[in-house]
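[1] sequence and computational prediction follow.
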Amino acid sequence: MKIIDGGINAPIGFEAAGIEAEVKYKNRKDMAIIYSKEPCTVAGAFTSNVVKAAPVLWDKDIVENEPFAQAVIVNTGIANAGTGKEGMSYCEETAKKAAELLNIPVKAVLVGSTGVIGAQLPIDRIKAGVEKLVVAKAEDRESGTNASKAIMTTDTVNKELAVEIEIDGVKVTLGAMSKGSGMIHPNMCTMLGYVTTDADIDKAALTKMVKEDVVDTYNMISVDGDTSTNDTLLVMANGMAQNKKIVEGTKEYEIFKEALHFINETQAKRLAGDGEGANALIECKVINADTKENARILAKSVICSSLTKAAVFGKDANWGRILCALGYSGAKFDPENMELYYQGSSNSMLIFKNGMGTDYSEEEASKILGESEVRFLVDMKMGDATATAWGCDLTYDYVKINADYRS
C-alpha cells in the first residue's frame, strides 16, 4: 500500500467539486459533489441515534435496497434533522435535480447534510448549488480538495486521503474525505465520511467489510460524548480499475480490507485530533485484556472521560482520573495487577503499578501531556486482547464554540 497525493476523486472515474451556495453562511464553500462516471457498488454505516436526519434515512434506503449509486450531494450549515416530511421531500428534490442534470436515476443520488438541527433547508439555494456543482465537477486535484473543504463545519482543517494498492497485478486506488469536529461519539459510524475506489468488489463483501471495520475505527473515537443525528459513512466502488472482482475469503479481500482500515483509522484519528477547541489528540491503547470487547470498553472509557481530557489540557499528570475511568467502564479487572504508562514521542513512563503510583517525575509526565499527541498505554495482564481509542483534550474553546453554535 502506498499513500499518494490525492483525495476523494483520486480513483479512476470519480469527479468532485465544492462550491459556495450560501446555504447558511456567505463567502465559504458549503456544498460538495462526488460523481462516478460508472454506477457504483455502495456500502454504508449510519448513526445509532434514534433521531435520524432525513439524509440518513434517504441514504440508508438506497444502500440497502437499490442496485447502485452514482453521485453524492452534500451541504453544510443545516443538518436537515428534526425536519419531518418536509425534510424528506427536500432530500428527494435535491436528488431529482442532480439526477436530471447528471442523467442518472433519482435513487442513484445519495445526499448528506451537516450543521444546525431543526432548520429547514433553503431548497432553492440547494438546487441552484446542485447546478453549480454539476458544472464544476472535475477529476483534478484541486476539485477534490474543494469538495473536502466544502463539507467542513467547525473543522479547522479539511481531511482527505488517498492510497494505492495492487490487486492481482492491477493498480487499485482508494480516496477519502471526512468532516467532524463536534458532536462526535459514534456507535456505528461518525459524522460524514466518504470513501471512493475504482476497485471491482462484491456488494456483500464490501458491506461486511465496512460494518466490521467501523467497530475498531470510527466507533473508537469521541470528542464530546454526543452521538450525531447525521453520522454517515459511505463507500462507493465503481470497478473501473478492472481488477478481478473481490469476494470474501480471498487474499485480495484481505489486501483491500487492510487498505480500507488504514483509510478509516487515519480519518477517524484526524476527526478526534481536530475536536472542537482541541490542542491534542489523546490515544489510549489497552493491551493484554481478557476479551476484545472489554479492551474496547476500557480504552474508550479513558478517552471519553471529561476529567482526563481536562487533565491533558492542563498538562496535569493526574493518573487517578484514568484509573477512575477504567474502574467505572463496566469491565472487570484487578487494579493491583495492571500497569499504566504515559508515552511521549521519545520516551515511555511507568506511572501506576501494583495498585499504586510509581516514583515518576511530574515534570517529565507534564512534558508528555504537553505534546500534540498524548498516548496512554494500559496493560491489564489478563489475556491477549488489544484495542485502541482516540479522543482529544477538553479546552475552554469547546464551550465557547458550542455556546454560540447557532449564531
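    Received, thanks.
[2] and for residue 10, the neighbour number?
    Using other CB atoms under 10 Å, residue 10 has 25 neighbouring residues. C-beta here means a position set from N, CA and C on the backbone, and glycine is covered the same way.
[3] quickly find the element holding it.
    Under the criterion DSSP states H and E, no helix or strand holds residue 10.
[4] quick one: it and residue 147 touch, right?
    No - applying CB atoms under 8 Å, one finds residue 10 not in contact with residue 147, separated by 11.6 Å.
[5] what's the following helix or strand after the host helix or strand of residue 98?
    Here residue 98 sits within helix 84-102, counting by DSSP H and E. Once helix 84-102 ends, the next helix or strand along the chain (criterion: DSSP H and E) is strand 109-116.
[6] just the C-alpha atoms of the next helix or strand after that following strand, please, in PDB.
    Next in sequence after strand 109-116, counting helices and strands by DSSP H and E, comes helix 123-136. Extracted in PDB, the C-alpha atoms of helix 123-136 (Å, rounded to 0.1, in the frame of the first residue of the first chain):
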ATOM      1  CA  ILE A 123     -34.200  24.300  -1.200                       C
ATOM      2  CA  ASP A 124     -34.000  26.900  -3.900                       C
ATOM      3  CA  ARG A 125     -30.300  27.600  -2.900                       C
ATOM      4  CA  ILE A 126     -29.700  23.800  -2.700                       C
ATOM      5  CA  LYS A 127     -31.000  23.200  -6.200                       C
ATOM      6  CA  ALA A 128     -29.000  26.200  -7.500                       C
ATOM      7  CA  GLY A 129     -26.000  24.800  -5.800                       C
ATOM      8  CA  VAL A 130     -26.500  21.400  -7.500                       C
ATOM      9  CA  GLU A 131     -26.400  23.200 -10.800                       C
ATOM     10  CA  LYS A 132     -23.100  24.800 -10.000                       C
ATOM     11  CA  LEU A 133     -21.700  21.600  -8.700                       C
ATOM     12  CA  VAL A 134     -22.500  19.700 -11.900                       C
ATOM     13  CA  VAL A 135     -20.800  22.300 -14.000                       C
ATOM     14  CA  ALA A 136     -17.800  22.500 -11.600                       C
END
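[7] now for helix 123-136, which elements pack on it?
    If you count contacts as 3 or more CB pairs under 8 Å, 6 or more residues apart in numbering; DSSP states H and E, helix 123-136 packs onto strand 14-19, strand 31-46, strand 69-78, helix 84-102.
[8] which residue comes closest to residue 296 once chain neighbours are left out?
    Take residue 296 and drop its neighbours on the chain: the residue closest to it by CB to CB, 6 or more residues apart in numbering is residue 387, 4.3 Å away.
[9] could you do residue 217 as well?
    Using CB to CB, 6+ apart and skipping the chain neighbours, the partner closest in space to residue 217 is residue 264 (3.9 Å).
[10] what of residue 110?
    Nearest-residue entry for residue 110: residue 72, 4.5 Å, with adjacent residues in sequence omitted and distances by CB to CB, 6+ apart.
[11] re the thing from before, so which of the helices and strands packed on helix 123-136 is nearest residue 258?
    strand 31-46 (16.7 Å; CB to CB).
[12] quick one: mean pLDDT over the closest one.
    Summarised as a single mean, pLDDT over strand 31-46 is 97.
[13] can you check stretch 7-17 too?
    Mean pLDDT, stretch 7-17: 98.
[14] other residues contacting it?
    Contact partners of stretch 7-17, identified using CB atoms under 8 Å, 6 or more residues apart in numbering, comprise 4, 32-38, 133, 136-141, 143-148, 160-162, 172-177, 194, 196-199, 238, 240-241.
[15] which among the residues you listed count as buried?
    Using 16 or more other CB atoms under 10 Å as the burial test, these include 32-36, 133, 136-137, 139, 143-148, 160-162, 172-177, 194, 196-199, 238, 240-241 as buried.
[16] that older thread, can you tell me the helix or strand for the residue nearest to residue 296?
    strand 385-392.
[17] my guess is the residue nearest to residue 110 meets residue 36, correct?
    No - applying CB under 8 Å as the test, residue 72 and residue 36 come out as separate, 9.3 Å apart.
[18] need the overlap of contacts for those two.
    Joint contacts of residue 72 and residue 36 (CB under 8 Å, 6+ apart) are residue 236.
[19] could you pull out the strands for the stretch 151-300 of the chain?
    Applying DSSP state E, counting those that start in this stretch to the stretch 151-300 of the chain gives strands spanning 159-167, 170-179, 192-197, 232-237, 281-289.
[20] adding mean pLDDT, write these out as a markdown table.
    Below are these laid out as a markdown table (pLDDT from 0 to 100):
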| stretch | mean pLDDT |
| --- | --- |
| strand 159-167 | 97 |
| strand 170-179 | 97 |
| strand 192-197 | 97 |
| strand 232-237 | 96 |
| strand 281-289 | 97 |
